[in-house]
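1. give the three-dimensional model of this entry:
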Amino acid sequence: MLESCRNAQERWGGVHLLIDRWLQERHALIHAYAALHVENDAATRQALQKFCELLVDYVSAGHFEIYEQLMAEAEAFGDVRGIELAKQIYPRIETITQAALTFNDRCEKGDCLGSPGLGDELKQLGQLLHERFELEDCLIEVLHTAHKQTAVTA
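-> Below you'll find the model as predicted:
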């Protein structure tokens, strides 16, 4: 039983650390978003470039690290409900990811500064990111937190 517990902690403890790091990246992304302004100057250009860099890193980590680990964990625990929920949520996250990447492609060099509607575009992106964070929190709750107790008692 002790060995089983150690194996679970080794296997899923890393997921917890991965999620913690990712949530720290989210925090940095939110701060970078809050620092954005629509002025067309060097400081704003730098802030926009930093935001785009963090944005791409964050959405990439979600798709290529976090979601895969969460799904693997759910499959290992036979969590059919969690897997079905993820299948319902992922398409919306993917849509938001595409919007974020489109914004990045347009603004990563700061070239979009001074363009009409940038303020509205940033506001819309902020709303989409907020929605994404809520969806991700739901996935973390269902696909990871729900399994923590099972892993400890395994």
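2. pLDDT weak spots in the protein?
-> 1-14, 144-154 (pLDDT under 70).
3. residue closest to the middle of it?
-> In the chain, the centroid-proximal residue (C-alpha atoms, centre = their mean) is Gly62; its distance is 4.6 Å.
4. and that one, how close does it get to Ala47?
-> Separation of Gly62 from Ala47 (C-beta to C-beta, to the nearest Å) stands at 22 Å. All C-beta atoms are positioned from the backbone trio N, CA, C, and that covers glycine.
5. same check, this time on Glu39
-> The gap separating Glu39 from Ala47 is 10 Å, by C-beta to C-beta.
6. neighbour count winner among these two?
-> Ala47 (19 against 12; other C-beta atoms under 10 Å).
7. what sits against the more buried one?
-> Contact analysis of Ala47 by C-beta atoms under 8 Å, 6 or more residues apart in numbering lists Ala32, Ala35, Leu36, His37.
8. helix or strand for the closest residue to the second one other than its chain neighbours, which one?
-> The shortest distance from Ala35 to any residue that is not its chain neighbour, by C-beta to C-beta, 6 or more residues apart in numbering, is 5.2 Å, and that residue is Ala47. Under the assignment given by DSSP states H and E, the secondary-structure element containing Ala47 is helix 42-61.
9. return the alpha-carbon coordinates of the helix or strand just after that helix using CSV.
-> Per DSSP H and E, the first helix or strand lying C-terminal to helix 42-61 is helix 67-76. Provided in CSV are the C-alpha atoms of helix 67-76 (Å, rounded to 0.1, in the frame of the first residue of the first chain):
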residue,chain,number,x,y,z
TYR,A,67,-4.2,19.3,-21.0
GLU,A,68,-2.3,16.2,-22.0
GLN,A,69,-1.3,15.5,-18.4
LEU,A,70,-4.8,16.1,-17.1
MET,A,71,-6.3,13.7,-19.7
ALA,A,72,-3.6,11.1,-19.0
GLU,A,73,-4.4,11.4,-15.3
ALA,A,74,-8.2,11.1,-15.9
GLU,A,75,-7.7,8.0,-18.1
ALA,A,76,-5.4,6.4,-15.5
